[in-house]
Every structure is written in structure tokens, then in C-alpha cells.
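Q: sequence and computational prediction follow.
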Amino acid sequence: MNIVILSRSNTLYSTQSLIDAARRYNHSVRVVDHLYCDMIIEARKSRILYHNQPITNTDAVIPRIGSSVTGSGVTILRQFESQGVFTTLNAESLLMARDKLSCLQILSSHQILVPKTIYISNPYTIPFLLEEMGDYPVIIKLASGTQGMGVILAESKSNAESVLEAFYTTKEKVMLQKFIREANGSDIRAFVVDGEVVAAMKRTAKKGDFRSNMHRGGTMERIRLSALEEETAIKSAHILGLKIAGVDMLPTTKGPMVLEVNVSPGLEGIETTTGVDLSGAIIRFIERSLKNR
């Protein structure tokens, strides 16, 4: 197979891990920075150019598209799809899952348990909607944040009002979310490939922080999911049309609660923690998919 990885750099851990796995399985692979792609669109002659050269003879595309460049990534991904190239992530699913608010709306409509979340459309309703949250602290987060960035823990109503008003002036889409105290600063990352959980880990926030992300200094350990946690992770990925996903959940007395679903989950933390060859699982998924087309 000839595989294209859409990534900003081949030195990133996840990208390099996928390159190594593709070569282990005797496939040709190249990394393309989608920010340097051009497109020529016309009936039966559409092309994608990279550094002025057409990208041809491509069997599969693995998108590793960062949150800040979702728009440009979707454009290139959609063009590959229109040309009949197999992609491990489709453009519409990328858009659905990348917007945290839309993701929670879709999951909750399918009876997936999610934290109580409030979207505030204007500053005048802030005091009234804060009453809806009940106890403090509460979490305030940007709908487009990633790796724990753009997430703030507000300890009081006055603190929350100040933060929300400040965010509102930036025109960012902001969510107010219930703080799940029983999680004790931990969450679960389940890595789903082709309808199966292939690895899972527990992430625990460092002392003095509530964000468990590896990039925020959290610790990680390999775990075995309960049957309900595994079912929830697989169902969440399926609802969003994702064949590869990192599903973040909180174990609660009501059952596993989905925080978000990552369309381009990092491989470094979970591969090194669990010892599972996730990149190899992704390559094998591509092989199966092309064989069955």
C-alpha cells in the first residue's frame, strides 16, 4: 500500500510511530503537511498538489490534524474522499467530534452519560445560568481547547462570573460544566480502533491540578475496563462515525460519563503506558478495510 499521513511534522511521536508501523508491514508511507497542499478542482480532473507536485497513487490517508488547523485539514481530507481514497477519518466526523459542544449534544441525544453542560450565548444570562450548576467548583472550558488548555476551575460564583465575562469578550465559544468530585482528579482514556477497545489507561492529575492530561503533568497507568466502560467507549466512537478514537470517560456511581471523544488521539502516552502497538493496530485496520472494499 501507499499511505499518506497528514501531519505537520514527521518528528512528532505519533507520526513517527505510524511511519515505523507502516514500514514494518512493508507499506510505502510519506508525510504530507496539509497546510502546504493546494487543490485544483474540476470535473474528473481534481488534484491535490504538495509543493507543486500532484499527490498520486495513494491507497490510504491517515489524518493527524491538530485542533488549531481543523478547517484547512477538513478541506484537504474532503478532497481525498471525493477522489475515492480511503481515509481513516472522514471530514464530517472530524467536524462533529472536534467541536466539544456539538460532540456532547450528539452523544447525549443517544443516551450517553455526559457531564451537565451549559452553553452561554450572552453575558446577561451568566448569573442565572450559574444558579443552574448548583455546587462549586465548576469547570469553564473553551469548546476548541485541547490537551487541557483553555480549561479553568472556578471555585465560586463570583470567580466563575469574572472568567466567563473575560472569555465572552474574546468571542470564543465557552462551556460551563459540572465538576465531578467523585472522580478524584482521574479519568480514563479508551483507545478504539475499528469498533474495538485495543488499549486503556487511567490518568491522574498531579497534586494541585485537576487536569489529568499527560501534557499537564498527569500520571498514567494501564487498566482493564469494565464491560460497561468498554461498551460506552465503542458506542461513543460509533455514534460519531469514528473508526479511530480516544474516548475520555469518568467512572461515576451512575456509570461511565464521557467527557470528550478525540479524533486524533496522541499515541505516546498510551503506547508507552500500556505497551500496546496502537500504530500497528491502525495499519492492520487499513489493510482489512482496503481488502474488503
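A: Cool, got the structure. Here the structure is a predicted model, which is why all the values come from computation and not from measurement. Numbers count the residues shown, from 1 in each chain.
Q: which parts of this protein are helices?
A: Using DSSP state H, the helices of the chain run over 13-24, 70-82, 91-98, 100-109, 126-133, 157-169, 227-239, 268-274, 278-292.
Q: between those, which gets nearest to residue 197?
A: helix 227-239 (5.0 Å; C-beta to C-beta). Just so you know, the C-beta spots here come from the backbone N, C-alpha and C atoms, and that holds for glycine as well.
Q: just the CA trace of stretch 22-30, in PDB.
A: Output of stretch 22-30 as PDB, limited to C-alpha atoms (Å, rounded to 0.1, in the frame of the first residue of the first chain):
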ATOM      1  CA  ALA A  22       3.700   1.100   8.100                       C
ATOM      2  CA  ARG A  23       7.200   0.100   7.200                       C
ATOM      3  CA  ARG A  24       7.100  -2.900   9.500                       C
ATOM      4  CA  TYR A  25       4.200  -4.100   7.500                       C
ATOM      5  CA  ASN A  26       6.000  -3.400   4.200                       C
ATOM      6  CA  HIS A  27       4.000  -0.400   3.100                       C
ATOM      7  CA  SER A  28       5.200   2.800   1.500                       C
ATOM      8  CA  VAL A  29       4.500   5.800   3.600                       C
ATOM      9  CA  ARG A  30       5.000   9.600   3.200                       C
END
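Q: residue numbering should commence at 855 henceforth.
A: Got it, the first residue is 855 from now on, which makes the last one we talked about stretch 876-884.
Q: buried ones in it, by neighbour count?
A: Of all the residues in stretch 876-884, those buried under the rule 16 or more other C-beta atoms under 10 Å are 876, 881, 883.
Q: go on, stretch 936-952?
A: The neighbour-count check on stretch 936-952 (16+ other C-beta under 10 Å) flags 939-945, 947-952 as buried.
Q: just give me the residue right at the centre of this structure.
A: Computing the C-alpha centroid of the chain and ranking residues by C-alpha atoms, centre = their mean puts residue 1116 first, at 1.5 Å.
Q: mind listing what that one touches?
A: 951, 1099-1102 (C-beta atoms under 8 Å, 6 or more residues apart in numbering).
Q: so which of those are in strands?
A: Using DSSP state E, the subset of those located in strands is 1099-1102.
Q: between the helices of the chain, which one is nearest to residue 1052?
A: Using C-beta to C-beta, the helices of the chain put helix 1132-1146 closest to residue 1052, at 5.0 Å.
Q: what are the buried residues along the closest one?
A: For helix 1132-1146, by 16+ other C-beta under 10 Å, it's 1132-1137, 1139-1140.
Q: orientation of that helix relative to helix 867-878 in degrees?
A: Interaxial angle, helix 1132-1146 versus helix 867-878 (axes from the mean of the first three to the mean of the last three C-alpha atoms, to 10 degrees): 50 degrees.
Q: what's around residue 897, how many residues?
A: Residue 897 has 5 neighbours, counted by other C-beta atoms under 10 Å.
Q: so how far is residue 936 from it?
A: 11 Å (C-beta to C-beta, to the nearest Å).
Q: which residues does the residue nearest to residue 1114 when sequence neighbours are not counted bridge with?
A: Nearest non-adjacent residue to residue 1114, counting by C-beta to C-beta, 6 or more residues apart in numbering: residue 1102, 5.2 Å away. Beta-bridge partners for residue 1102, by DSSP bridges, are residue 1043, residue 1114.
Q: report pLDDT for residue 1102.
A: On the pLDDT scale, residue 1102 is placed at 96.
Q: would you check that it makes contact with residue 1115?
A: Yes - the criterion here is C-beta atoms under 8 Å, and residue 1102 meets it with residue 1115 at 7.4 Å.
Q: and stretch 1028-1040, how far apart are its ends?
A: Terminal residues of stretch 1028-1040 lie 23 Å apart, using C-alpha to C-alpha, to the nearest Å.
Q: contact partners of that stretch?
A: Residues contacting stretch 1028-1040 (C-beta under 8 Å, 6+ apart): 954-955, 958, 969-974, 983-984, 987-997, 1007, 1014, 1018, 1021-1022, 1056-1059, 1063-1064, 1066, 1104-1107, 1111.
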